[in-house]
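1. could you look at this predicted model? Sequence included:
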Amino acid sequence: MNQIVEDKLSKQNLVSVVEEELNATQIIDIHTHLYKPSLGAVGLWGIDELVTYHYLEAELFRSDDIAPEKYWALSKREQADLIWRTLFVENPPISEATRGVVAVLQALDLPTEGRDLSEARKFYAGQTLEAHIGKVFRLAGISEAVMTNDPLDPAEAPLWKDSPPHNLFHAVLRLDRVLEKWPEHWQKLQAEGYRVEQNPTPATIAEVRRFLADWCKVMEPVYMAVSLSDDFAFPENSIRAQLLRDAVLPACREFNIPLSLMIGVRRQVNPAIRLAGDGSGKADLRAVENLCREFPQNRFLASLLSRENQHELCVYSRKFANLMPFGCWWFLNNPSIVEEITRERIEMLGMSFIPQHSDARVLEQVIYKWRNTRRTMAPILANSYALLTEDGRPVTREHIRHDLDRLFRKNFQKFCGVAN
Ligand code: RAT
Ligand code: ZN
């Protein structure tokens with residue numbers, strides 16, 4: 001009897017210690033769409049952006065009769081008003097994405113039950129970006145955010161001319177336009193003075209490599225990244241595979257940074273709803289296997305969009321130390337799925353993975369996304385330590401702190417070669 005009471009007590013202690021330590025951990029958010037202040041012109045923040053997040057737009061089109069074309073014709077403010085009325089006033093905001101907005105409002109001491117957004121808009125009218133970033137990062141418990149920087153984004157690229165490093169942000173060289181949309185972008189490189197052709201001739205490959213090297217020098221990225229469709233294959237007879245093998249991977253080796261593979265998007269399954277119109281599909285992970293085996297000098301971060309691929313990714317991670325699974329991406333960032341994936345990863349990989357990234361597109365989203373992650377992770381971790389305790393190896397607060405530091409900071413820093 002005593003034994004049972006003691007076990008229960010120790011289990012209770014574990015939950016509260018894990019919660020305390022998780023709250024104290026300053027997380028590095030390894031994939032976001034946030035920007036340092038000098039790139040602020042492309043960054044999103046504020047109430048109207050929060051409420052018109054594409055995750056919410058998708059829900060609007062299910063809850064209201066409005067046709068997408070009519071919605072796109074509205075101003076941002078009108079769109080936000082419509083979404084607020086439909087998803088927050090006429091219905092309780094119960095979904096993950098709507099509840100997130102409520103959590104942000106609460107964290108900022110703004111009304112969560114207002115009939116309209118006037119109070120929130122008044123608050124935002126008095127904020128300056130740099131100070132607001134500091135406050136939001138503190139509320140989210142993150143020390144740094146990793147950006148997504150596309151050198152072929154016409155809105156972003158010119159801003160890099162005058163963009164000093166910022167201690168809260170790391171850059172990432174995003175390759176979607178180069179790798180996935182080469183036919184539409186090779187002329188842009190040509191216009192910038194790179195002697196490329198549409199066909200991947202040896203000279204073109206060398207020039208793409210020079211383009212990547214030039215941007216590595218400007219951005220100092222912590223990794224390169226690409227989001228790939230569910231039919232991604234490697235090797236394959238395509239320009240994408242050739243650019244990947246002969247330009248991207250050598251450039252990653254030269255600058256000693258990993259390549260992040262985000263695989264499983266089915267782009268624009270419903271173009272009428274724009275950014276909200278992408279879907280997901282199961283990928284063939286033989287592509288990841290081939291890359292990890294054939295390029296042992298390269299390191300690969302990997303996040304997969306399909307739930308069905310997650311176990312396989314754990315298996316591959318047990319085979320290849322140059323593979324680092326990270327995050328529960330996009331449609332997977334819901335407590336039920338995060339729980340399943342995280343338990344699977346702990347069981348198969350111990351603490352040698354990166355559990356989550358926020359993917360925040362709007363600054364304040366880091367507040368709710370990290371709050372949710374901490375809430376979901378605490379019982380999972382506590383349960384793992386409880387099992388270990390039951391099996392004869394109790395853990396201390398120090399052990400827990402050490403593990404959390406690995407999961408939310410060190411694994412990233414080590415894998416990407418980022419200094420402490
Ligand atoms: O999660 C999202 O907002 C997606 O639209 C994408 O941005 C995705 O995360 C990506 O990086 O491609
Ligand atoms: Zn993203």
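-> Structure's in. What do you need? Ligands and ions are numbered 1, 2, ... in the order given.

2. helix or strand for the residue nearest to R371 when sequence neighbours are not counted, which one?
-> Excluding its sequence neighbours, the residue lying closest to R371 (C-beta to C-beta, 6 or more residues apart in numbering) is A103, at 6.0 Å. Every C-beta, even on glycine, is put in place using the N, C-alpha and C of the backbone. Assigned by DSSP states H and E, A103 belongs to helix 96-107.

3. do that helix and ligand 1 come into contact?
-> No. Helix 96-107 is not in contact with ligand 1 by C-beta under 6 Å from any ligand atom; minimum separation 10.6 Å.

4. contacts for that helix, please.
-> 50-51, 53, 55-56, 59, 87-88, 93, 111-112, 120, 139, 333-335, 364-365, 367-369, 371-372 (C-beta atoms under 8 Å, 6 or more residues apart in numbering).

5. can we see that at 7 Å?
-> Applying C-beta atoms under 7 Å, 6 or more residues apart in numbering, the contact partners of helix 96-107 are 50-51, 53, 55-56, 59, 87-88, 93, 111-112, 120, 139, 334, 364-365, 367-369, 371.

6. next, the angle helix 96-107 makes with whichever helix or strand comes after it.
-> Remark: after helix 96-107, the chain's next helix or strand is helix 118-125, criterion DSSP H and E. With axes from the mean of the first three to the mean of the last three C-alpha atoms, to 10 degrees as the basis, helix 118-125 and helix 96-107 are set at 70 degrees to each other.

7. mind listing what's buried in helix 118-125?
-> 120, 123-124 (16 or more other C-beta atoms under 10 Å).

8. list of residues touching that helix?
-> Counting by C-beta under 7 Å, 6+ apart, 46-47, 105, 108, 110-111 sit against helix 118-125.

9. what's the burial count for P68?
-> Using other C-beta atoms under 10 Å, P68 has 17 neighbouring residues.

10. next one: the one 5 residues further on
-> By the other C-beta under 10 Å criterion, the neighbourhood of A73 contains 10 residues.

11. from ligand 1, how far off is it?
-> For A73, the distance to ligand 1 equals 22 Å [C-beta to the nearest ligand atom, to the nearest Å].

12. follow-up on the earlier one: looking at the contacts of helix 96-107, which are in strands?
-> In strands, judged by DSSP state E, none of the contacts of helix 96-107 are found.

13. so how do I select the buried members of those residues in PyMOL?
-> In PyMOL, this line selects whichever of those come out buried by 16+ other C-beta under 10 Å:
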select buried, resi 50+51+53+55+56+59+87+88+93+120+139+364+365+367+368+369+371
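
14. inside helices: which ones of the contacts of helix 96-107?
-> 50-51, 55-56, 59, 120, 139, 365, 367-369, 371 (DSSP state H).

15. packing partners for the strand or helix carrying E340?
-> Per DSSP H and E: E340 is located in helix 335-349. The contact analysis (3 or more C-beta pairs under 7 Å, 6 or more residues apart in numbering; DSSP states H and E) places helix 335-349 against helix 310-319, helix 365-390.

16. most packed of those?
-> Greatest average neighbour count among those goes to helix 365-390 (a mean of 20), per mean count of other C-beta atoms under 10 Å.

17. any idea how far it is from the chain center?
-> 18 Å (C-alpha atoms, centre = their mean, to the nearest Å).

18. over to stretch 349-356?
-> 15 Å.

19. stretch 359-368 too?
-> 10 Å.

20. likewise stretch 223-233?
-> 14 Å.

21. how about that stretch as PDB, C-alpha atoms only?
-> Extracted in PDB, the C-alpha atoms of stretch 223-233 (Å, rounded to 0.1, in the frame of the first residue of the first chain):
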ATOM      1  CA  TYR A 223      20.700  25.800 -42.700                       C
ATOM      2  CA  MET A 224      19.200  25.700 -46.200                       C
ATOM      3  CA  ALA A 225      15.600  24.500 -46.600                       C
ATOM      4  CA  VAL A 226      13.100  23.400 -49.200                       C
ATOM      5  CA  SER A 227       9.500  22.300 -49.000                       C
ATOM      6  CA  LEU A 228       8.900  19.400 -51.300                       C
ATOM      7  CA  SER A 229       5.800  17.800 -52.700                       C
ATOM      8  CA  ASP A 230       4.700  14.400 -51.600                       C
ATOM      9  CA  ASP A 231       6.000  12.900 -54.900                       C
ATOM     10  CA  PHE A 232       9.600  14.000 -54.200                       C
ATOM     11  CA  ALA A 233      12.000  11.300 -55.300                       C
END
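
22. can I get the buried residues of helix 118-125 in TSV with distance to ligand 1?
-> What follows is these, written out as TSV (distance: C-beta to the nearest ligand atom, whole Å):
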residue	distance to ligand 1
A120	22
F123	25
Y124	22
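
23. residue contacts, E59?
-> Counted by C-beta under 7 Å, 6+ apart, E59 has contacts 87, 95, 97-98.

24. do E340 as well
-> With C-beta under 7 Å, 6+ apart, E340 has no contacts at all.

25. against K217, how distant is the residue nearest to R371?
-> 40 Å (C-beta to C-beta, to the nearest Å).

26. more neighbours, those two?
-> A103 (18 against 9).

27. pLDDT value on that one, please?
-> pLDDT recorded at A103 is 98.

28. thinking again about what came up before, can you tell me which of the buried residues of helix 118-125 is nearest P200?
-> Distance to P200 across the buried residues of helix 118-125 (C-beta to C-beta) is lowest for Y124, with 47.1 Å.

29. format the CA atom coordinates belonging to stretch 410-420 as CSV.
-> Taking C-alpha atoms only, stretch 410-420 is exported to CSV below (Å, rounded to 0.1, in the frame of the first residue of the first chain):
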residue,chain,number,x,y,z
LYS,A,410,21.3,21.8,-28.0
ASN,A,411,20.2,19.3,-30.7
PHE,A,412,19.6,22.2,-33.0
GLN,A,413,22.7,24.1,-32.0
LYS,A,414,24.9,21.0,-32.5
PHE,A,415,23.3,19.8,-35.7
CYS,A,416,23.4,23.2,-37.3
GLY,A,417,26.8,24.3,-35.8
VAL,A,418,25.3,27.3,-34.0
ALA,A,419,27.3,28.6,-31.0
ASN,A,420,25.8,28.5,-27.6
